[in-house]
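1. Need a 3D model of the following:
(chains A and B)
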Amino acid sequence: MENVALQIIFVRFIQNLMASIRKISIYPPKHPIVVESMNAASQSLQEILGSQKTLSLGVSPDNKVMVDGKELTDKSAATVLDLMLYLKKLNIENMAISSGITGAELQDFIKIISLESEQVKKAPDINKVLSERNIRAIKVEQFSYIKIKKDEESLVVGQEASLLEQLKAKIKDLSSGKIEKQEDLKSLEKGLIELLIGEFREKGKVSVPAKNLLRKYIESFRETHDALGTLKDALLAYGCGPEEVDELLRKVQEEMAKGPRESRQAVKETAESAKRENEALKTQLSRLKQEIEEKERLLDELKAQNKKVTDEKERVDNIIRHMGEGLVVVDPQGNILLMNPQAEALLGGSRQDIGKPIKALVKDEHMFTVVKDMAVEKEGVVQKDIELFSKNESTKKIVRTSSAVVEDHNGKTLGMVTVLNDVTKQRELDRLKSNFVANVSHELRTPLVAIDKSVSLMLDKSAGALSGPQEQFLNIASRNLKRLSLLINDLLDLSKLEAGKMRFERTRCPLGKIINDSAESLAMWASTRAIRLQKQVQEGLPDVDVDPDRIIQVLNNLIGNAIKFTPVNGTVTVGAALQKEGGCIRVSVSDTGIGIGKDDLAKIFDKFYQVGERVSNDVGGTGIGLSIAREIVELHRGKIWVESEKEKGTTFIFTLPLPEEKDEKRDQGSFSG
Amino acid sequence: MKKEIKVLLVDDEVDFRQVMTFWLESKGYSVIPAQDGRDALLKVKENGPDIIFLDLNMPVMDGFQALKAIREFDKATPVILISSYVDDKRVNEVMEYGVSGVFYKGKDFQEGLALLESALRTHKKLKE
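-> Here you go, the predicted structure:
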């Protein structure tokens, strides 16, 4: 038990001693922390030397700390290992501390082994250094040789032989494969750990040779982390404090990583991490570049868009300014919002009128009342010709206005846009053309009548007998004269209709009678071609308000065409029926003829258009009959169209509106033109 | 006595046909009338005319179709087209089928006769 108590004191002394060594390497020797630690060491030493004359500390050849010739077994104290390393570093095999040692002597000794260890190592005899410093109570015995287990040979290494060199030799041997025993590796590891701890304790860092040695060892025998793990375990096992161990390991790792000859792994890792970093930077750079490019592109796009919008606006402005027609836009209150120069010229206004009511410029109510009208009937365009007088009322212009209501996307009326077209000249030309056609037709009729009469006189033999051929040719002349006068009559009709000069004598009359009259007049002709002419008139049809002569003209034309284009033994049917939808009567003329091709259907109402194929050679038309029919029907506010299928027959249909009492007045007005 | 020259006159307008026939006969030609293209085809095959007057606007088979059909079996007989439209552009489309001239209906018959005579002369030269 006494032994154990003693051992505890020994350990405490060694702990205090090593604490002093550590502290003195960090703080100045006079620093209270150092002094305190030294006093503690001195005190425990005096305690030991109070019960025995000398204290002997030594290192056995197999690296055991020997106290008074006995092995110090308390290995949990890391400081024991520290001490051993210090002793070994200074090549001290054994040291004896005699009683009577002073605090100052101990202090000096501590200074020597911690601060001046390198110097002492180089000195030939440590005892000499100690006596120079008047340290008499400490006697030192140095190693004279170092035993290396290999081959059981005794290698005598001089004073300079250091642990480092021994380890080097060992590693060399091991890596060349001479030693394969686990114990050898263990002892090598142990030596390495001692070396590292020693160096670290002494200098606070790991020297290049030690580092290389460690690297070599790791490369040859172990994985880095594994080795470091082992190192850590070993350090802890030797009794180092966990903080100290971490610190040392960190240093070792650091040193290994940054040394000039770092391990390949470290180089590789560093290179890789540098590469990764580089890549990351590159990626970031290119991303930034892309971002910049994207922003620039967006900017350009915006610029382009802006330019486009500006250009577009300019273009629209230009179009509005330079268009041939006048353009006026008014708001729902009838105030002018926009007016182009053409409109200014036509209406006699100026730029200053913008914002003012349009009433000031146009007397015709249409232009500003249409907004109200159109609120009911929103779709489409209202067209109207208005007469405008110049300011002094000397000249008159006829302006065709096309107005449309402008709405926003919610259907709210924003105003009205009106296009103004000066049709004065066109009207004049139309009038001249109509007059011309009327005059020419009229002038043509006069000589025609003379020729016709002459031929008739010859044919009725009033001017003497005729030979066979003479009569034949006179008949041809007569026939063609009739054709010509028919054509002229048609032309006159058409020009009158187009000029709005056709006078309609409207009366209330039953449609059945009109159809009968027409059919009767053509019955003879139909019978000569063996064509059946039948009627299908609905009973109790209301009377219509029409010009019967004109409707007969239409029917004659349609029935005549039907007879012409129907082969012998065919049928022509004239029908009339009430059509409930639209409140009108529907009149149709169907035949069983050759039908009309699609191409022809579209053009059939055009002037002078004649369908290519006819069934008989006695067909002669002017090509304007259907145009006239359409004009007449439309002026009666009806519609006319055709339905046909090739080889199956054709049906012409027209409608006549039922009379409405209240409309009577207006109708007459518009028809009298 | 010289051999009678046979003229095939194809036109759907009966009055025109009668007058022109009478006139050509008065100039010493023998006239075969035909009322449309189909009739004309039959008569070309039956009578073998020396020259053909062919109206373009006809029912059943018009002048264009008739000309093409005639040229399928008869490449030699001169053809003079008849048109009622002045400067009828459609004529250009069928010139490749061998057309000796175009007679416009509004013109004097004398012009038609001149066309006929020159076409016959050219045809005779080609034959020799």
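
2. Which helix runs longest in chain B?
-> helix B:109-127 (DSSP state H).

3. Buried residues of stretch A:504-511, list them for me.
-> A:504, A:506, A:511 (16 or more other Cβ atoms under 10 Å in any protein chain shown). No exception for glycine: its C-beta is placed from N, CA and C like everyone else's.

4. distance of the second one from residue A:499?
-> Pointing back at residue A:506 there. Using Cβ to Cβ, to the nearest Å, residue A:506 is found at 19 Å from residue A:499.

5. Describe which strands the helix or strand containing residue A:329 pairs with in its sheet and in which direction.
-> Element membership for residue A:329 (DSSP states H and E) is strand A:326-330. Counting by DSSP bridges, the strands paired with strand A:326-330 are strand A:336-339 (antiparallel), strand A:413-422 (antiparallel).

6. avg pLDDT for whichever helix or strand comes after the last one?
-> Past strand A:413-422, further along toward the C-terminus, the next helix or strand under DSSP H and E is helix A:424-459. When pLDDT is averaged over helix A:424-459, the result is 83.

7. related to what we said a few turns ago, only C-alpha atoms, please: export the strand holding residue A:329 in CSV.
-> Extracted in CSV, the C-alpha atoms of strand A:326-330 (Å, rounded to 0.1, in the frame of the first residue of the first chain):
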residue,chain,number,x,y,z
GLY,A,326,-61.4,61.4,-94.7
LEU,A,327,-61.5,59.9,-91.2
VAL,A,328,-63.4,61.3,-88.2
VAL,A,329,-63.7,59.7,-84.8
VAL,A,330,-66.2,61.1,-82.4
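
8. and the residue minimising distance to the centre of chain A, how far is that from residue A:310?
-> Chain A has residue A:298 as the residue nearest its centroid, 11.9 Å off, counting by Cα atoms, centre = their mean. Plainly put, residue A:298 is 18 Å away from residue A:310 if you go by Cβ to Cβ.

9. One more: residue B:118?
-> On the measure of Cβ to Cβ, residue B:118 and residue A:310 end up 71 Å apart.

10. Would you mind telling me which of these two has the busier surroundings?
-> Set residue B:118 next to residue A:310 and count neighbours by other Cβ atoms under 10 Å in any protein chain shown: residue B:118 wins out with 14 against 10.

11. ok, back up a step: for the strand holding residue A:329, give the mean pLDDT please.
-> What strand A:326-330 shows for mean pLDDT is 87.

12. how far does it sit from the chain's center?
-> Put simply, strand A:326-330 sits 39 Å off its chain's centre (Cα atoms, centre = their mean, to the nearest Å).

13. what residues does it touch?
-> A:320, A:336-340, A:342-347, A:358, A:367-368, A:371, A:399, A:406, A:415-422 (Cβ atoms under 8 Å, 6 or more residues apart in numbering or on different chains).

14. Which members of these are classed as buried?
-> Using 16+ other Cβ under 10 Å as the burial test, these include A:320, A:336-337, A:339-340, A:342-344, A:346-347, A:358, A:367-368, A:371, A:399, A:415-422 as buried.

15. Would you agree residue A:508 falls within a strand?
-> Yes - under DSSP: H, G, I helix; E, B strand; the rest coil, residue A:508 falls within a strand.

16. Direction included, what does the longest strand seen in chain A pair up with?
-> The longest strand of chain A (DSSP state E) is strand A:396-407. According to DSSP bridges, strand A:396-407 forms sheet pairs with strand A:382-389 (antiparallel), strand A:413-422 (antiparallel).

17. Can you list the buried residues in it?
-> Result for strand A:396-407 [16+ other Cβ under 10 Å]: buried residues A:397-401, A:403-405.

18. which ones are touching residue A:10?
-> By Cβ under 8 Å, 6+ apart, the residues touching residue A:10 are A:48, A:55, A:67, A:72.

19. which of those has the most neighbours?
-> If you count neighbours using other Cβ under 10 Å, the busiest of the contacts of residue A:10 is residue A:67, which has 22 neighbours.

20. Model confidence score at that residue, please.
-> 81.

21. how close does the closest residue to it other than its chain neighbours get to residue A:579?
-> Nearest non-adjacent residue to residue A:67, counting by Cβ to Cβ, 6 or more residues apart in numbering or on different chains: residue A:10, 5.1 Å away. Per Cβ to Cβ, residue A:10 is found 134 Å from residue A:579.

22. How about residue A:531?
-> In this view, residue A:531 and residue A:579 are 27 Å apart by Cβ to Cβ.

23. Tell me which of these two has more neighbours.
-> residue A:531 (23 against 13).

24. Tell me if I'm right that the more buried one and residue A:569 touch.
-> Yes - the pair residue A:531 and residue A:569 passes the contact test of Cβ atoms under 8 Å, sitting 7.3 Å apart.

25. all helices of the stretch 201-350 of chain A, in order?
-> For the stretch 201-350 of chain A, helices defined by DSSP state H, counting those that start in this stretch occupy the ranges A:208-221, A:224-237, A:242-258, A:264-322, A:341-347.

26. Serialize those to JSON lines and add fields for distance to residue A:80.
-> Conversion of the helices of the stretch 201-350 of chain A to JSON lines gives the following (distance: least, Cβ to Cβ, whole Å):
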{"stretch": "helix A:208-221", "distance to residue A:80": "22"}
{"stretch": "helix A:224-237", "distance to residue A:80": "12"}
{"stretch": "helix A:242-258", "distance to residue A:80": "14"}
{"stretch": "helix A:264-322", "distance to residue A:80": "33"}
{"stretch": "helix A:341-347", "distance to residue A:80": "113"}
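
27. ok, and what's touching the helix or strand residue A:36 falls within?
-> Element membership of residue A:36, judged by DSSP H and E, is helix A:32-51. Contact with helix A:32-51 is made by A:6, A:9-10, A:12-13, A:16-17, A:19-20, A:23-24, A:27-28, A:55, A:97-101, A:103, A:106-107, A:110, as judged by Cβ under 8 Å, 6+ apart.

28. Likewise for stretch A:554-569?
-> Contacts for stretch A:554-569 (Cβ under 8 Å, 6+ apart): A:514-515, A:518-519, A:521-522, A:525-526, A:529-531, A:533, A:572, A:574, A:587, A:589-594, A:611, A:614-616, A:619, A:621, A:625-626, A:628-629, A:632-633, A:649-650, A:652, A:654.

29. now stretch A:466-480
-> With Cβ under 8 Å, 6+ apart, stretch A:466-480 has contacts from A:451-452, A:455-456, A:458-459, B:15, B:18-19, B:22.

30. of these, closest to residue A:216?
-> Proximity to residue A:216 was ranked across these by Cβ to Cβ; first place goes to residue B:15, at 130.9 Å.

31. quick check, that closest one in a helix?
-> Yes - according to three-state DSSP, residue B:15 belongs to a helix.

32. What are the boundaries of the helices in chain B?
-> B:14-26, B:37-47, B:63-73, B:109-127.

33. Could you name the helices and strands sitting against the third one?
-> For helix B:63-73, the helices and strands in contact under the criterion 3 or more Cβ pairs under 8 Å, 6 or more residues apart in numbering or on different chains; DSSP states H and E are helix B:37-47, strand B:51-55, strand B:79-83.

34. Right, I'll leave it there.
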